[in-house]
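Undergrad: Provided below for reference: sequence and predicted model.
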Amino acid sequence: MKYKLLLVTTFTIIAFTGNLLAQNKKKTTSKAVVTSNNKIARPKLMVGIVVDQMRWDYLYRFYDLYKAGGFKRLMNQGFSCDNTMVPYLPTVTACGHTCVYTGSVPAIHGITGNNWFDNKTQKSVYCTEDNNDSIKTVGSNTIDAGRMSPQNVLVTTITDELRLASNFQSKVIGLSIKDRGAIIPAGHAANAAYWYDGKSGNFISSTYYMKELPEWMQAFNKRKLTDSLYNLNWNTIMPASVYNKYCDTDENTYESKLGGRTSFPYNLAQFAGKDFSKISGTPYGNNLLFEAAKVAINAEQLGKGENTDFICISFSSTDYVGHAFGPNSWELADTYIRLDETLSNLLDYLDKTVGQNQYSLFLTADHAGAHVPEFLNKHHINGGRMDDGDINKELKALMNTQYGNSKIINAVDEFDIYLNHALIDTMKLDIKTVKETISKYLLLKDYVLNVVDKANASDATIPVKIKEMVINGYNPGRSGDLQIINKTGVIDGGKTGMTHGVWNTYDAHIPLLFYGYGISNGHLNRETYMTDISATVAALLHIQMPSGCIGKVIEEVIKKP
Ligand SMILES: [Zn+2]
């Protein structure tokens, strides 16, 4: 009896295992991996969109103001990861673009700020500067604007990986108003990156990529679109009642000035032919970029080849407008209403040129942004201002009194204090004591919550979330020694407007939308991270993830067979 039962059981197990194997076999040949003509299923074009300083809540705060074809199309037909967080410090543009496109953090990818102090060379560095003699500006006479490259990025980008995967047959192009917004996303092996030179009004590049601008870009620059856009001037696109409903009052002393004013209408025609830089701080910077992107897609035949191409478009004007006027201003609301329309036009253009459901797209931000402190105060909410520059001066004075040498402080940038280690050694000072002296001094300040010794951050008695962000942002060669953690709502610098850079949700909570080929429809409230974007794109494209990637694939995003 027992023998018989065993036999039956064994048979059942064999049959069951056999069935499982058959199922597995079926799965590995699923249509999710190959198309009907047995090619790996990939979109023709990958579109990466970064909206500089876009807070996640703009998706919902302005939802009713958006039309059907822009943000709403992405949200309702694509996939929204509603709790995507930046997992490192500082939350600024260069670090954000690098994280989005590398899936990595400053500790590994090396971009520790827009600027940082290099502890080896003892010099300040701009994230995309390239002082190699062979690197020159292409497309204008502005000497420094094009002396740029991604050489400071220490890992590969998802765009590099696409180039590697296709034996460099996939085309990769980066476009932005900001140099770093174009250069970092496009990666080391890019075909090209183009950014806006405010002095000449041209989109320019660097000899890192090319000897001269392609004809189509030269022709685009000749159109002098900046002047045409200036001549439109800037007034609200919707009736005043809309802005009254969604925003703070238009005129405020805590807003920065544009052409001498802080409220609508703005006379931009006065800048035509004179000052090409002002367009960056208006919604028209986004229009200008969109026009350049359209020309690039068409001229370079992106999405038309055998291999998947990748275009990286980073809208920078949202950041400039945010800094100047703040998240609750009429100017910011108007900029997003207009960006929504631009987005809708971009999707229509992609439908027409690449084909509906032939491209995949993600839209995210490099960081979010704080409210204007004075606006918060008006409503009894905590907020204030401090200044990295003042801290620098004060700490130098402190070092002079305590140790007789102000040069112990190398720099203070993004709430990060850089110490001169060589000098501390020569002076035979105990670095631990120096750090304690600085911390003690700073903790007396009303706006300081804590000061973290970055090299020993794992021992700091602070919430794990902040600790992790400090550690992820710490790169001994390119970071400072002490991280100032301010009270919530305290921003760095300026007398007007706002900024970003800290760990708090208002700076670290970003939108993340996926749309198009291979993308499911839905949304997710589980916490996801900026580092997951590249991992997910790698899975979608069936290519290797970037070399320093620490993110995970957001599986819910990818359409099941
Ligand atoms: Zn910014």
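TA: Looks like it came in fine. Numbers count the residues shown, from 1 in each chain.
Undergrad: what's near enough to touch the residue nearest to residue 551 when sequence neighbours are not counted?
TA: Distances taken as Cβ to Cβ, 6 or more residues apart in numbering place residue 531 nearest to residue 551, at 3.3 Å, with adjacent residues excluded. For the C-beta atoms, the positions are set from N, CA and C on the backbone; glycine is no exception. Residues counted as contacts of residue 531 (Cβ atoms under 8 Å, 6 or more residues apart in numbering) are 87, 99, 103-105, 549-552.
Undergrad: Return the distance of residue 531 relative to residue 84.
TA: 10 Å (Cβ to Cβ, to the nearest Å).
Undergrad: before we move on, back to that, quick one: which of the contacts of residue 531 sit in helices?
TA: Among the contacts of residue 531, DSSP state H puts residue 99 in helices.
Undergrad: Do you know the pLDDT at residue 8?
TA: Per-residue pLDDT puts residue 8 at 46.
Undergrad: again, but for the one 5 residues further on
TA: Listed pLDDT for residue 13 reads 46.
Undergrad: Equivalent analysis for the one 10 residues further on, please.
TA: Model confidence at residue 23, expressed as pLDDT, equals 47.
Undergrad: Now the terminal residues of stretch 461-481, how far apart.
TA: The first residue of stretch 461-481 is 17 Å away from its last residue (Cα to Cα, to the nearest Å).
Undergrad: what sits up against it?
TA: Against stretch 461-481 from outside (Cβ under 8 Å, 6+ apart): 86-90, 95, 105-108, 110, 112, 116-120, 125, 410-413, 416-419, 431, 435, 450, 452-455, 457-458, 460, 483, 485, 503, 508.
Undergrad: run the last query once more with 7 Å
TA: Residues external to stretch 461-481 that are found in contact with it (Cβ atoms under 7 Å, 6 or more residues apart in numbering): 87-90, 105-107, 110, 112, 116, 118-120, 416-419, 435, 450, 452-455, 457-458, 460, 483, 485, 503.
Undergrad: hmm, which of those residues are the buried ones?
TA: Neighbour counting over the contacts of stretch 461-481 (16 or more other Cβ atoms under 10 Å) leaves 87-90, 105-107, 110, 112, 116, 119, 416-419, 435, 450, 452-454, 457, 460, 483, 485, 503 as the buried ones.
Undergrad: Okay, now the unreliable bits of this protein?
TA: Counting by pLDDT under 70, the chain has low-confidence residues at 1-32.
Undergrad: and the closest residue to residue 179 other than its chain neighbours, what element?
TA: Nearest-residue entry for residue 179: residue 195, 4.3 Å, with adjacent residues in sequence omitted and distances by Cβ to Cβ, 6+ apart. In this assignment (DSSP states H and E), residue 195 forms part of strand 192-197.
Undergrad: in the stretch 351-500 of the chain, which spans are strands?
TA: Here the stretch 351-500 of the chain has its strands, by DSSP state E, counting those that start in this stretch, at 359-364, 384-386, 409-413, 416-419, 448-453, 482-486, 490-492.
Undergrad: Name every strand pairing with the fourth one and say which way it goes.
TA: Partners of strand 416-419 in the sheet, by DSSP bridges, are strand 409-413 (antiparallel), strand 482-486 (antiparallel).
Undergrad: Can you check the distance spanned by stretch 143-153, start to finish?
TA: 22 Å.
Undergrad: for stretch 101-114, that is, sorry about that
TA: So stretch 101-114: terminal residues 16 Å apart, Cα to Cα.
Undergrad: just stretch 237-255 next, same as before
TA: 20 Å.
Undergrad: centre of the chain versus that stretch, how much separation?
TA: From the chain centre to the centre of stretch 237-255 is a distance of 27 Å (Cα atoms, centre = their mean, to the nearest Å).
Undergrad: and what of stretch 412-420?
TA: Put simply, stretch 412-420 sits 22 Å off its chain's centre (Cα atoms, centre = their mean).
Undergrad: Only alpha carbons, please: show that stretch as CSV.
TA: Extracted in CSV, the C-alpha atoms of stretch 412-420 (Å, rounded to 0.1, in the frame of the first residue of the first chain):
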residue,chain,number,x,y,z
VAL,A,412,31.4,75.7,1.4
ASP,A,413,29.0,74.5,-1.3
GLU,A,414,25.5,72.9,-1.2
PHE,A,415,25.6,72.8,2.6
ASP,A,416,28.9,70.8,2.4
ILE,A,417,32.0,72.0,4.2
TYR,A,418,35.3,71.1,2.5
LEU,A,419,38.4,71.0,4.8
ASN,A,420,42.0,71.4,3.7
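Undergrad: What number of residues are in the vicinity of the residue nearest to residue 179?
TA: 28 (other Cβ atoms under 10 Å).
Undergrad: ok now do it, which residues does it touch?
TA: 176-179, 182, 203-204.
Undergrad: and the closest residue to residue 33 other than its chain neighbours, how many neighbours?
TA: Setting aside the residues directly before and after it, residue 33 is nearest to residue 41 in space (Cβ to Cβ, 6+ apart), at 6.2 Å. As a burial measure, residue 41 scores 18 neighbours (other Cβ under 10 Å).
Undergrad: What of residue 189?
TA: 17.
Undergrad: by how many degrees do whatever helix or strand residue 310 lives in and strand 359-364 diverge?
TA: Here residue 310, judged by DSSP H and E, is contained in strand 309-315. Angle, strand 309-315 to strand 359-364, by axes from the mean of the first three to the mean of the last three Cα atoms, to 10 degrees: 30 degrees.
Undergrad: Please name every helix or strand in contact with strand 309-315.
TA: Applying 3 or more Cβ pairs under 7 Å, 6 or more residues apart in numbering; DSSP states H and E, we find strand 309-315 packed against strand 45-51, helix 158-165, strand 172-176, helix 179-186, helix 284-299.
Undergrad: Just the terminal-to-terminal distance for stretch 134-141.
TA: Span of stretch 134-141 from end to end, Cα to Cα: 16 Å.
Undergrad: Next, the buried residues of that stretch.
TA: 135, 137-140.
Undergrad: Now do the domain split for this structure, please.
TA: For the chain, the structural domains run 45-372+506-557, 384-492, going by automatic domain parsing.
Undergrad: Helices of the stretch 401-550 of the chain, start to end?
TA: Using DSSP state H, counting those that start in this stretch, the helices of the stretch 401-550 of the chain run over 421-426, 431-443, 464-472, 505-508, 532-541.
Undergrad: burial of residue 210, as a residue count?
TA: 16.
Undergrad: Can I take it that it is in a helix?
TA: No - with DSSP: H, G, I helix; E, B strand; the rest coil as the criterion, residue 210 is assigned coil and is not in a helix.
Undergrad: my read: it touches residue 193, true?
TA: No - with contact defined as Cβ atoms under 7 Å, residue 210 does not count as touching residue 193 (9.8 Å).
Undergrad: picking up where we left off before, off-centre distance for the strand holding residue 310?
TA: That offset, for strand 309-315, works out to 12 Å (Cα atoms, centre = their mean).
Undergrad: That strand relative to helix 179-186, how many degrees between them?
TA: Using the same axes, to 10 degrees, one finds that strand 309-315 and helix 179-186 are set 160 degrees apart in direction.
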